[in-house]
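*Asks:* Quick one, fold the following:
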Amino acid sequence: MAGVTSAVILTAALGLSTGTAAAAEEFTYQPLWPFASQADADTWLREGGPAGHAPWHADPSATALSFTRDYLGFTEIDRVTDVTDVTEHADEAWVGVGYVLPNDRPTTAATIHLARYGAAPDAPWEVVGSRDDVLTLTAPPYGSPVSTAIDAGGVITGVDESLRLRVHQNGPEQMLGEHCCVAAGGEAAPWSATVSTIPPQPGTVTLVVWTGGHVAEVEKFAVTGLLAS
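*Replies:* Take a look at the predicted model:
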């Protein structure tokens, strides 16, 4: 669904308000990065944070940018595009990340959705999805089960676009598979592709789609969280 964070769709389906989802007893989102489990997040809060280890876990903007650059590998995405592109609540945040156009104006490549991983008011931030507009990723549905073939789809608005997809998992084998390329373009034009992967480990799988090539390698991207059993 264009303009709606995939994680929010799952939360609504579960009958939870987005303002209280991360504070619930059980984390209701797919934890994309940087923590693979609640136990990992709790360990940082109990030991790493007080010791001054990785203080960026406490900053949603730094976490969103690190996710984009260090996990997805989109090194051209080098900034939070504007203070107006950051919306932070007690347990959720949305952060716009992007790059500078040739005319020296910043532009947003994606809006990253984060949630606090745990009920503590100072629990670390976890990337859980993206809020999509120009390029959307609506299939498979957020949180749905996957195996070694993922049928992906959404819509895109643009001209002469070339879509690439990649599948990541938060672990030793970070990149599980990729697909290139899907020619697309038009006004909210549907796109689809099938990505083959190596067998994932049980847990969250991150699916990312991006387009670029006009002024930057990655101009727009969207991510969603799926579940391997």
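*Asks:* Now name the helix or strand holding the residue most central in space within the chain.
*Replies:* Nearest residue to the geometric centre of the chain (C-alpha atoms, centre = their mean): G129, 3.7 Å. Assigned by DSSP states H and E, G129 belongs to strand 125-131.
*Asks:* Which strand residues bridge the residue nearest to the centre of the chain?
*Replies:* In this entry, G129 is beta-bridged to H113, by DSSP bridges.
*Asks:* re the thing from before, for the strand holding G129, what does the pLDDT average out to?
*Replies:* Averaging pLDDT along strand 125-131 yields 98.
*Asks:* who's in contact with it?
*Replies:* 3-7, 27, 29-35, 41, 57-60, 63-64, 67, 93-94, 110-117, 137, 142, 221-225 (C-beta atoms under 8 Å, 6 or more residues apart in numbering). Using the backbone N, CA and C atoms, a C-beta is placed for each residue, glycine as well.
*Asks:* From E187, how far off is the residue nearest to the centre of the chain?
*Replies:* Going from G129 to E187 by C-beta to C-beta, to the nearest Å gives 24 Å.
*Asks:* hang on, the earlier thing: ok, the residue nearest to the centre of the chain to L207 distance?
*Replies:* With distances taken as C-beta to C-beta, G129 is found 10 Å from L207.
*Asks:* Equivalent analysis for Q30, please.
*Replies:* Q30 is 10 Å from L207, by C-beta to C-beta.
*Asks:* the more surrounded of the two?
*Replies:* L207 (26 against 23; other C-beta atoms under 10 Å).
*Asks:* Point out where the chain drops to low pLDDT.
*Replies:* 1-25, 171-173 (pLDDT under 70).
*Asks:* all helices of it, in order?
*Replies:* Under the criterion DSSP state H, the chain contains helices at 6-13, 38-43, 60-66.
*Asks:* May I have the shortest one as CSV, with CA atoms only?
*Replies:* Same thing as helix 38-43. Output in CSV follows, covering the C-alpha atoms of helix 38-43 (Å, rounded to 0.1, in the frame of the first residue of the first chain):
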residue,chain,number,x,y,z
GLN,A,38,15.1,-9.1,22.0
ALA,A,39,17.9,-10.8,24.0
ASP,A,40,20.5,-9.0,21.9
ALA,A,41,18.8,-5.6,22.4
ASP,A,42,18.4,-6.2,26.2
THR,A,43,22.1,-7.1,26.4
